[in-house]
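Peer 1: Give me coordinates for this.
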Amino acid sequence: MTGIILYTLAFVLLILSFLKDKSKTIQAIKSSLKSFENIMPQFLGIIIFVGLLLSLLNPETISKLIGNDSGFFGVLISSLMGSIVLMPTFVAFSTGTSLLQNGAGFAQVGALISTLTLVGVMTFSLESKYIGTKASFLRNFIAFLFSFVVAFILGKVMVVI
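Peer 2: This next block holds a predicted model:
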């Protein structure tokens, strides 16, 4: 139902934009299609990777590695994986949903998504060129520690709900 509402709202706003300024709307549509074209290869690659991973790892294995009962070790595995893997944010959330549906714990998925979106081992060299090595390391280290805070809070809150 939410999807229908959002798509309808987007369509109505697109029509209003078109009525207000046709050339800007057409330019925006062209720009968005170009962005979509640039994102699609990454998106498809990650979807294929996650699909293969989920087909190779059965729910019992996922549950054992990063399930509710894996505790701190599962959170640590999730945090390390999330720190290393380079993934767009919008894909991280759908990956988290897939993992939850296959037996992963809320705390572990929270740590994974936090580090996926906040920590960048793969982009460290690029980031350090702009803000310096020390600042880049500090930012990534604090974000890594923050993922454990997120995991702890989600682990406590989602057990209550």
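
Peer 1: what's the burial count for Gly120?
Peer 2: 19 (other CB atoms under 10 Å). All C-beta spots, glycine's among them, are computed from the backbone N, C-alpha and C.

Peer 1: The spatially most central residue of the chain: which element?
Peer 2: Central residue check for the chain by CA atoms, centre = their mean: the C-alpha nearest the mean position is that of Ala92, 2.1 Å away. Counting by DSSP states H and E, the element that carries Ala92 is helix 89-101.

Peer 1: Check which residues of that helix are buried.
Peer 2: By neighbour count with 16 or more other CB atoms under 10 Å, helix 89-101 contains the buried residues 91-92, 95-96, 98-99.

Peer 1: Contacts only, for the residue nearest to the centre of the chain.
Peer 2: Counting by CB atoms under 8 Å, 6 or more residues apart in numbering, Ala92 touches 112-113, 116-117.

Peer 1: cutoff 6 Å now
Peer 2: Ala92 makes contacts with 113, 116-117, as judged by CB atoms under 6 Å, 6 or more residues apart in numbering.

Peer 1: re the thing from before, name the next helix or strand downstream of the helix holding Ala92, please.
Peer 2: Taking DSSP H and E as the definition, the helix or strand that follows helix 89-101 towards the C-terminus is helix 106-118.
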